[in-house]
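**Q** Sharing a sequence plus its predicted fold:
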Amino acid sequence: MSALLLSVAGKNAHRISANDLGYILGPRINAAGRLDSINKGVECLTSYDYNTALFYAKELDQINAERRNREVSMQSDAILSLQTISVDDSNSIVLKGDDWHAGIIGLVASRIKEQTYRPVIAFAPSEENGEHVLKGSGRSIPGIHLRDALDRVSKLKPGLILKFGGHAMAAGLTIRKDAFDEFKELFARAVKDFPIRKCSSATSSQTASSGLRTSTLNSLKPSASTSGVRPSRNRSLPISSRYFLRES
């Protein structure tokens, strides 16, 4: 029952907009797939029993709140990591967090890509078949085919990437836990073969290198004002104004 999910989120199901569906209802269902099980979203929407649907609606709302908090924390870590590198001199950004959640790294990669105008891959620890690995999610920019770049890395060092897939603008991959530094180097080499579109003075490379300060982290805190508000895409805004939580 989507009406209950909207009600739990503080929305009137009889007065909803497309924005509410995309930024209120959707993220709550999506969060279950990121952190728990998508089946909870299915149960909420398909149950004919009021109490059962309400139970899952409340659980989805709680899971989404956890997703939001984790995302803020991971974005904070990513911003601090950017301060240790020269974004202007880098053709790509590869980051990892020892306590990052693999279900949220794609969101982090997307945010950092928007700030730096560089292809970004974010890694989180995971486990597959009893082996400790790093699971990555990447987002790219026009002109850099991310899946092809990963394919080049796999050819430069066979076996470095355990598996990968995706398309031009987004991709996922898994590497060995001890392969992060080598992957970072080879990925930069692969990206170098693509003609990177230069950023204008209003866009991110200049902003990312000069404007990423600790005070920016305050703008990442979730608040009621972020719920249901479609984000601005104006690249000329200062970084503190452009940091938003799309999934509220």
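**A** Now that the structure is in, tell me what you want to look at.
**Q** Show me which helix runs longest in this structure.
**A** Ordering each helix of the chain by length in residues (DSSP state H) puts helix 50-82 first.
**Q** what's the next secondary structure element after that one?
**A** strand 93-96 (DSSP states H and E).
**Q** same question for that following strand, mean pLDDT?
**A** Strand 93-96 carries an average pLDDT of 96.
**Q** How far off centre is the longest helix of the chain?
**A** Mean-position distance between helix 50-82 and its chain equals 13 Å (C-alpha atoms, centre = their mean, to the nearest Å).
**Q** Show me what counts as buried in it.
**A** 53-57, 59-61, 63-64, 67-68, 70-79, 81-82 (16 or more other C-beta atoms under 10 Å). Glycine gets a C-beta too; all of them are placed from N, C-alpha and C.
**Q** For Gly33, see how far away Asn39 is.
**A** 9 Å (C-beta to C-beta, to the nearest Å).
**Q** quick one, phi psi at Ala170?
**A** With angles defined as degrees, to the nearest 10, Ala170 sits at phi -150, psi 150.
**Q** For it, give the beta-bridge partners.
**A** Arg139 (DSSP bridges).
**Q** what's the burial count for Gly33?
**A** Residues contacting Gly33 under the criterion other C-beta atoms under 10 Å number 14.
**Q** Was I right to think it contacts Ile104?
**A** No - under the criterion of C-beta atoms under 8 Å, Gly33 makes no contact with Ile104, lying 11.3 Å away.
**Q** end to end, how far does stretch 35-54 reach?
**A** Stretch 35-54 stretches 20 Å from its first residue to its last (C-alpha to C-alpha, to the nearest Å).
**Q** Now do that stretch: distance to the chain's middle.
**A** Going by C-alpha atoms, centre = their mean, where stretch 35-54 is centred and where its chain is centred differ by 25 Å.
**Q** Show me the shaky parts of the chain.
**A** 1-2, 196-248 (pLDDT under 70).
**Q** hey, where'd the strands end up in it?
**A** Along the chain, counting by DSSP state E, strands occupy 93-96, 120-128, 131-139, 161-166, 170-176.
**Q** could I get these as CSV with mean neighbour count and distance to Asp20?
**A** Compiled in CSV, the strands of the chain are given as follows (neighbours: other C-beta atoms under 10 Å; distance: least, C-beta to C-beta, whole Å):
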stretch, mean neighbour count, distance to Asp20
strand 93-96, 24, 32
strand 120-128, 21, 29
strand 131-139, 22, 26
strand 161-166, 16, 30
strand 170-176, 20, 25
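**Q** Take those and lay them out in a markdown table including distance to Lys11.
**A** As requested, the strands of the chain are exported to a markdown table (distance: least, C-beta to C-beta, whole Å):
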| stretch | distance to Lys11 |
| --- | --- |
| strand 93-96 | 35 |
| strand 120-128 | 31 |
| strand 131-139 | 29 |
| strand 161-166 | 34 |
| strand 170-176 | 29 |
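**Q** For stretch 56-76, output the C-alpha coordinates as CSV.
**A** The C-alpha trace of stretch 56-76 is given here as CSV (Å, rounded to 0.1, in the frame of the first residue of the first chain):
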residue,chain,number,x,y,z
TYR,A,56,6.6,-2.7,6.3
ALA,A,57,6.0,1.0,5.6
LYS,A,58,7.5,1.9,9.0
GLU,A,59,10.4,-0.4,8.5
LEU,A,60,11.1,1.0,5.0
ASP,A,61,11.1,4.5,6.5
GLN,A,62,13.6,3.5,9.2
ILE,A,63,15.8,1.8,6.6
ASN,A,64,15.8,4.9,4.5
ALA,A,65,16.8,7.0,7.5
GLU,A,66,19.7,4.7,8.1
ARG,A,67,20.6,4.9,4.4
ARG,A,68,20.5,8.7,4.6
ASN,A,69,22.8,8.8,7.7
ARG,A,70,25.2,6.4,6.2
GLU,A,71,25.4,8.3,3.0
VAL,A,72,26.1,11.5,4.8
SER,A,73,28.9,9.9,6.8
MET,A,74,30.4,8.3,3.7
GLN,A,75,30.2,11.5,1.7
SER,A,76,32.0,13.3,4.6
